[in-house]
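S.K.: turn this into a structure:
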Amino acid sequence: MEEQVWQLSNPIIGIVIVILTFLLFYFVSYMSNRKSKSVEDLYVAGGGVGPVTNGLAMASTYMSLATFLGVTGLILNLQVPFVMLWIQMILAIPLITIIYGTSLRRMGAFSPTHFVRERYGVSASIIAALFMILVSIMYALGQMIGIAVTFETLLGIPYMTGLIVGGILIVGYVTIGGMSGATNNAAIQMVIIALMFIVPLGAIMKAMGGSGWYFPPLFYADMVPAMLEAMPTFFDYQYSSKWYFAIIPALTLGSLGLPHLAMRIYTASSLKSARQAMIWFAFALGLVFSATYAMGFSGVFFTQTSGITISPADADKLTIILNLVYNPEWVTALVIAGAISAGLSTLSGNLLAIGALISQDIVTTLKPSLSSKAKVRLGYFSIAFGGFASVVLAINPPDFLVVSILWAFGLAGVTNAPLILLGVWWKEANRYGAIAASIFAGGLYIIVSPFVFPSIVVSGHALTDGMGLSGAMLCVPLSFILLIIVSYITNRMPGLKHRLSTESDHKLIERIHGWSDVNPNRYNSKLGAFIVTTASVLIVVWALLPWDL
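M.R.: Residues are numbered from 1 along each chain as shown. Modelled structure (predicted):
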C-alpha cells in the first residue's frame with residue numbers, strides 16, 4: 001500500500017477538530033487560572049484539586065503522546081517482550097504512591113527537588129534541578145516531535161509549520177492556565193484519550209473478527225489463537241533475562257524520578273485526597289495501557305494477515321494506520337485529536353516542571369528575597385523557555401520519537417530516584433553522597449548514551465542503548481553505591497561532621513513518615529545499606545559484561 005494512504009484524504013476534518021480542541025483547552029485554562037496571584041496558584045493550583053480530577057490528570061500526564069504514537073510502533077517491532085517493558089511502567093505506581101502519595105506530600109513542596117533541598121542542601125538541589133530540567137526538556141521533546149509529525153503526516157501541514165505553530169499554542173495555553181488550568185485540562189484530556197483510543201479500537205477488533213471487541217483492554221485475548229496461526233513467534237521472549245531486568249532501573253525507578261508526575265501529588269487538597277487520587281490514577285492508567293497493548297497486538301495481526309508491510313518510518317503511526325484502514329475518516333480525525341491531547345497533557349506537566357525547577361528550585365533558592373510578583377513573572381518566563389527549548393531541539397529530532405522519552409526515564413532514575421528513595425528511608429544519606437551520586441552517575445549515563453558519544457556505549461545494541469536500558473542498568477546502581485558509601489564515610493569524618501545537619505535531617509525524615517518524636521533506630525539500618533550496596537555492585541558488574549540479546 002502506498003505511503004500516502006496513511007493520511008486523511010480530507011485533512012480539513014482533522015484541522016477543524018484540532019482547532020476545536022485547542023479552543024476548549026484555552027477556555028478551560030483561562031477560566032481555571034483567572035484568579036491566580038501567587039506561586040502556589042501557578043505551580044500547585046493552590047493545593048485544592050480533588051482526587052478524581054487529580055488522578056485523571058496524573059494518568060494523562062504520565063501516558064504522553066507516545067501512547068498513541070511510538071509505543072504501538074515498539075509493539076510492532078518487539079511483539080510480546082514489550083509487555084514486560086509496559087508492566088514495569090505500571091509497577092512504578094505503588095512506588096509513586098508510597099513515596100509521593102504519602103511521605104513527600106506531607107512536606108507540601110512544589111517539586112521533588114524541594115525535598116532534595118530540604119534533605120541534602122542547596123548545592124545538591126541545584127544539581128538535581130539541572131538534571132531534572134534536562135529530563136523534562138527531553139521528555140517534552142518527544143511530545144513536541146509527535147505533535148509536529150501528526151500535523152505533517154496526517155493533516156498535511158509542513159513539519160516546521162506544525163512545530164512552530166503547535167509550540168506557540170501549547171506554551172500559550174500552559175502559561176495562561178498554570179497548574180490549575182493544566183490539571184483541569186489534563187483531566188478532560190484523559191477522558192478524550194480513553195474514548196478516542198478504546199472505542200475506535202473496539203471497531204477495529206470487530207472488523208478483524210474479534211468477538212471481544214466490546215472491551216478491548218482485556219478481551220482482545222479471543223484473537224490469540226488466530227495470532228498464533230498467523231505469527232507463531234509472537235509470544236516468544238526472544239531477549240535474554242538481562243534485557244528484561246534492565247527495564248527495572250530504566251523505567252520503574254525512572255518513573256519515580258519524573259518531576260512533572262510528582263508535582264501532581266502536591267496539588268491535592270489533603271494527604272487523604274492524594275492517596276485517593278492514586279487509585280483513580282492507577283485505574284485510568286491501567287485501562288489505557290492495556291488498550292495500548294491491544295492496539296499493538298491488533299497492528300501485528302493486521303500486518304500478518306493482510307500482507308501489508310508497515311515500514312520502520314511509519315511504525316510510529318500504527319494506531320492511525322489501523323483507524324484509516326478500518327474506520328471512517330472522521331473517526332480517525334477524533335483519534336488524532338486524542339493523540340494531540342495526550343501530547344498536550346504531558347507537555348503541560350513538563351513545562352510546569354521546568355518552570356518550577358528554574359524559578360523556584362534555582363533562581364529563588366539563590367535569591368530568596370524576590371517578591372511574590374517577581375516569582376510569578378519568573379515562573380511564566382521559565383515555562384516559555386522550556387517550550388522554546390523543546391521546539392528548537394525538535395527541529396532536528398531523533399528518528400524514533402519515543403527514544404527521547406525513554407532516555408529521559410533513565411536519566412531521572414539515575415539522578416533523582418536514588419536521592420529520594422534513600423533520602424526518605426535512610427537517615428545516613430547526606431549532601432556529599434547526593435552530590436557525588438548525581439554528578440558522577442548522571443554524567444556517566446549521558447556519556448554512554450548513543451546520543452552524545454555514539455562510539456561509547458555499554459551493550460553495543462542500538463535498541464537497548466537508545467532506550468537507555470543499558471545505561472540505566474549501569475548507572476542507577478552506581479548512583480546508589482556512591483550515595484551510600486560517600487555518605488557513610490563523610491558522616492564519620494571529624495572535619496566534616498559539623499557541616500552535616502544530621503539532627504535536622506533526622507527530624508525531617510521522622511516528620512515525613514508521620515512521627516512526632518525522633519528515634520535514632522528508625523530508618524537507620526546499616527544492614528539494609530550493606531544489602532543495597534552489595535546488590536548494586538553485582539548489578540554494575542553484570543551490566544558491564546557482554547550483552548547477548
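
S.K.: where's residue 300, which helix or strand?
M.R.: helix 271-306 (DSSP states H and E).

S.K.: ugh, typo on my part, it should be residue 183
M.R.: Going by DSSP H and E, residue 183 is in helix 159-208.

S.K.: again, but for residue 510
M.R.: Here residue 510 sits within helix 502-512, counting by DSSP H and E.

S.K.: before we move on, the earlier item: run through the neighbouring helices and strands of the helix holding residue 300.
M.R.: Using 3 or more C-beta pairs under 8 Å, 6 or more residues apart in numbering; DSSP states H and E, the elements in contact with helix 271-306 are helix 51-63, helix 71-78, helix 81-98, helix 159-208, helix 216-219, helix 224-230, helix 259-266, helix 318-326. The way it works is simple: take the backbone N, C-alpha and C, and place the C-beta from them, glycine included.

S.K.: for residue 279, find the nearest of the ones you listed.
M.R.: Closest to residue 279 of these is helix 51-63 (C-beta to C-beta; 6.6 Å).

S.K.: the closest one to helix 71-78, inter-axis angle?
M.R.: Orientation check (axes from the mean of the first three to the mean of the last three C-alpha atoms, to 10 degrees): helix 51-63 against helix 71-78 gives 50 degrees.

S.K.: helix 51-63 to helix 159-208, inter-axis angle?
M.R.: In terms of direction (the same axes, to 10 degrees), helix 51-63 departs from helix 159-208 by 110 degrees.

S.K.: now do helix 51-63: distance to the chain's middle.
M.R.: Chain-centre distance of helix 51-63: 12 Å, with C-alpha atoms, centre = their mean, to the nearest Å.

S.K.: packing partners for it?
M.R.: helix 159-208, helix 259-266, helix 271-306, helix 329-358.

S.K.: pipe those into TSV and attach mean pLDDT, mean neighbour count and distance to residue 51 per row.
M.R.: Output for those, formatted as TSV (pLDDT from 0 to 100; neighbours: other C-beta atoms under 10 Å; distance: least, C-beta to C-beta, whole Å):
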stretch	mean pLDDT	mean neighbour count	distance to residue 51
helix 159-208	83	22	11
helix 259-266	63	27	11
helix 271-306	82	21	4
helix 329-358	81	27	18
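
S.K.: lowest-pLDDT helix or strand in the protein?
M.R.: Of all helical and strand segments in the chain, the minimum by mean pLDDT, DSSP states H and E falls on helix 39-44, at a mean of 54.

S.K.: coming back round to it: reformat the helices and strands packed on helix 271-306 as a markdown table; add distance to residue 390.
M.R.: Output for the helices and strands packed on helix 271-306, formatted as a markdown table (distance: least, C-beta to C-beta, whole Å):
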| stretch | distance to residue 390 |
| --- | --- |
| helix 51-63 | 15 |
| helix 71-78 | 20 |
| helix 81-98 | 22 |
| helix 159-208 | 7 |
| helix 216-219 | 31 |
| helix 224-230 | 38 |
| helix 259-266 | 13 |
| helix 318-326 | 22 |
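
S.K.: for stretch 456-471, which positions count as buried?
M.R.: Applying a neighbour-count criterion of 16 or more other C-beta atoms under 10 Å, one finds 457-459, 461, 463-471 buried in stretch 456-471.

S.K.: returning to what we had before: now the angle from the helix holding residue 183 to helix 271-306?
M.R.: Following the same axes, to 10 degrees, one obtains 70 degrees for the angle between helix 159-208 and helix 271-306.

S.K.: skip ahead from the helix holding residue 510 and say which helix or strand is next.
M.R.: Next helix or strand after helix 502-512 toward the C-terminus (DSSP H and E): helix 526-544.

S.K.: show residues contacting that next one.
M.R.: Helix 526-544 is contacted from outside by 242, 246, 249, 426, 428, 458, 470, 473-474, 477-478, 480-481, 484-485, 488, using C-beta atoms under 8 Å, 6 or more residues apart in numbering.

S.K.: quick check, distance from that helix to the centre of its chain.
M.R.: Averaged C-alpha coordinates place helix 526-544 at 26 Å from its chain's average position (C-alpha atoms, centre = their mean).

S.K.: pull out the buried positions in it.
M.R.: Across helix 526-544, burial judged by 16+ other C-beta under 10 Å covers 529, 532-533, 536, 539-540, 543.

S.K.: leaving out chain neighbours, which residue sits closest to residue 481?
M.R.: Leaving aside its chain neighbours, residue 481 sits nearest to residue 536 (4.8 Å; criterion: C-beta to C-beta, 6 or more residues apart in numbering).

S.K.: against residue 361, how distant is that neighbour?
M.R.: Counting by C-beta to C-beta, to the nearest Å, the gap from residue 536 to residue 361 is 27 Å.
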